[in-house]
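Visitor: below is the structure, and that's it, no one-letter string:
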DNA sequence: CTAATTAGGAAATGATCGTTTCCAAATCAA
DNA sequence: TTGATTTGGAAACGATCATTTCCTAATTAG
C-alpha cells in the first residue's frame, strides 16, 4: 500500500535518513487537519515537519504523497488509541459508548479546533484525484463499519436489543461523530460533548 | 450589515451595474461550498459568476468580501426554503422532523457532494480572520439555536415531553445535521439519509 | 453640453505556490 | 580505496495566486 520510497526500513544503499518519518508525519497531519489540503502549503508543512522541501520531496514524492502518508499515519494512530479504549470495556453497548466518548473527547478544546483529518478530507473531497478520493471515502466507510460491528457485537452479547436495525443506527451514530468534529471546530466544552454522547446512547437500547 | 459597496439599490451616480448581484453570488457560493475558501481561486469564482476579476473587485473589494457576501446569501436562501417547509407543518415535533428532513434532502446526491457552506466554512475556520470567523461561528450558533427553539415550541404545544433537556438534545441534533452534510460529501442516497432522520426522531419524544 | 462618478475589462504586478535542479555529504558494495 | 546510491539543503523554476492599474463605456448632476 505504501510506496517504495517510504518504507525503507533497512536502507541497503546510500546515505541513511536522519529524521524520524513518523514524527515528521505527525507534524504534517496537524497542518492538514487544521488548514485542509489546499491551504496547507509546502512551507507550512516543511516547518511543521522540521524538514527542507528537498527532503520532503525525496521522501514523499510530492504534496499528494505527503498527504496520503499523513492520512494513513493519522488513521493508524487514532485507531490504536480507540482500540485501547474499546478493550477496556466489556459489552458491545459499552464499546459503542466508549467509541462515541472517544470522538467527544477529541471534539472539545484545542484538539477540537485542530479537527479530524478524515472529516476535513471528506469535506475537501472535490480537491482530490479519484484514487486519493477513494482512499478518503474508504476511510469513512471503515469508520462507519466499525460502529456497525460494535452494534452487531452488542446484539450478540445481549447488551443491545435485536429489534433495532443496526445499519441505520450505525449510520446515524456515524453522522453524529462527524458532526461532533465539525461542531468542535467552533469551540466546545468537554461537558457539552459528553451530554451529546449521553443523549445518543438513548438510541442504543 | 452589508458593506456600502454592495447594496446600491439606486445607483445615484455613475455607470449602472449590468449583472445580477444575487445570481453572481449564487455562482460564488457554489464554488466556495464545493472547494472551500482557499481552493476557490479568483479564476474559479469569476468563471462561476460570469464576471471579470475587475468587476468582482469593484463590487466586493476582495476575495474575503466575495466570500462574506456569498455566505450571507447562502444563509438567506437556505433559511427561506427551510422556513417554507416549517410553515407547512403544525406541531413543534413535526417541525423538528421537517428541519432534519431538510438537511437530509440536502445531503444526498449532487447537492450532498456540493456540500453546505456553513459546514465547510466551520471546517476551514482556522483560515479566516477573527471577524470572519466570528460570523461563521455565529451562523452555526444560530442554526443550533433554531433547533432549540423548535424543541421549546414542541414542549409548549405538548408534542414533545417536558422531561427532556432541550439544550443537550438540540446540540445532539445539530451535530447530526452537520454530520449528515459531511457524510453527504462521500455520496449517499436519499433513503439512507431519510432513515437517519427516522432514527433521530426517536430522541424527540 | 461638461464634469463627476461608477462599471467593465484587459493587462500587468508582486507574492507565493508546488516542484525541480544541483551539489555536497554520507552510506554500502566491491 | 572507488563507484554507486541516497539524503540534506539551498537555490532556481515556471505557474498560478490575489490584487491593482489603466483605459473605455455608461450613467447622473448641474
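Guide: All right, it came through fine. The shown structure was predicted, so the numbers you read here are calculated from the model rather than taken from an experiment.

Visitor: tell me the buried residues in stretch A:184-198?
Guide: Neighbour counts over stretch A:184-198 (16 or more other C-beta atoms under 10 Å in any protein chain shown) mark A:184, A:185, A:186, A:188, A:192, A:193, A:194, A:195, A:196, A:197 as buried. In short, each C-beta sits where N, CA and C put it, glycine included.

Visitor: from those residues, which is closest to residue B:104?
Guide: residue A:196 (19.0 Å; C-beta to C-beta).

Visitor: that closest one reaches residue B:171, doesn't it?
Guide: Yes. Look at residue A:196 against residue B:171 with C-beta atoms under 8 Å: they come within range, at 5.7 Å.

Visitor: what residues are up against residue A:74?
Guide: A:29, A:33, A:117, A:118 (C-beta atoms under 8 Å, 6 or more residues apart in numbering or on different chains).

Visitor: can you pull the residues of chain A lying near DNA strand C?
Guide: A:11-16, A:40-44, A:53-54, A:57, A:62-64 (C-beta under 7 Å from any atom of the strand).

Visitor: can we see that at 10 Å?
Guide: Contact residues, chain A versus DNA strand C (C-beta under 10 Å from any atom of the strand): A:10-18, A:35, A:37-46, A:52-58, A:60-67.

Visitor: now, which of these lie within helices?
Guide: A:35, A:42-46, A:53-58, A:60, A:63-67 (DSSP state H).

Visitor: for PyMOL, write the select line for the buried members of the residues of chain A next to DNA strand C.
Guide: In PyMOL, this line selects whichever of these come out buried by 16+ other C-beta under 10 Å:
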select buried, chain A and resi 35+37+38+39+40+44+45+46+55+56+57+60+61+63+65+66+67
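
Visitor: and the pLDDT for residue A:104?
Guide: Residue A:104 is assigned 98 on the pLDDT scale.

Visitor: apart from its chain neighbours, what residue comes closest to it?
Guide: Nearest residue to residue A:104 in three dimensions, chain neighbours excluded: residue A:193, at 3.7 Å (C-beta to C-beta, 6 or more residues apart in numbering or on different chains).

Visitor: I'd say the one you found and residue A:108 touch.
Guide: Yes. Under the criterion of C-beta under 8 Å, residue A:193 makes contact with residue A:108 at 5.1 Å.

Visitor: which neighbours do those two share?
Guide: residue A:184.

Visitor: can you pull out the low-pLDDT segments for chain A?
Guide: A:1-12 (pLDDT under 70).

Visitor: just the strands in it please.
Guide: Using DSSP state E, no strands are found in chain A.

Visitor: tally of neighbours for residue A:71?
Guide: 22 (other C-beta atoms under 10 Å in any protein chain shown).

Visitor: surely it touches residue A:135?
Guide: Yes. Taking contacts as C-beta under 8 Å, residue A:71 lies within contact range of residue A:135: 7.0 Å.

Visitor: just want the residue of chain A that's nearest chain B.
Guide: Nearest residue of chain A to chain B: residue A:179, at 3.0 Å (C-beta to the nearest C-beta).

Visitor: so what's that residue up against?
Guide: Counted by C-beta under 8 Å, 6+ apart, residue A:179 has contacts B:174, B:175, B:176, B:177, B:178, B:179, B:180, B:182.

Visitor: just give me the neighbour total for the nearest residue to the first one once chain neighbours are set aside.
Guide: Right, residue B:174. Computed as C-beta to C-beta, 6+ apart, the closest residue to residue B:174 that is not its neighbour in sequence is residue B:144, at 4.1 Å. The number of residues packed near residue B:144 is 20, by other C-beta under 10 Å.
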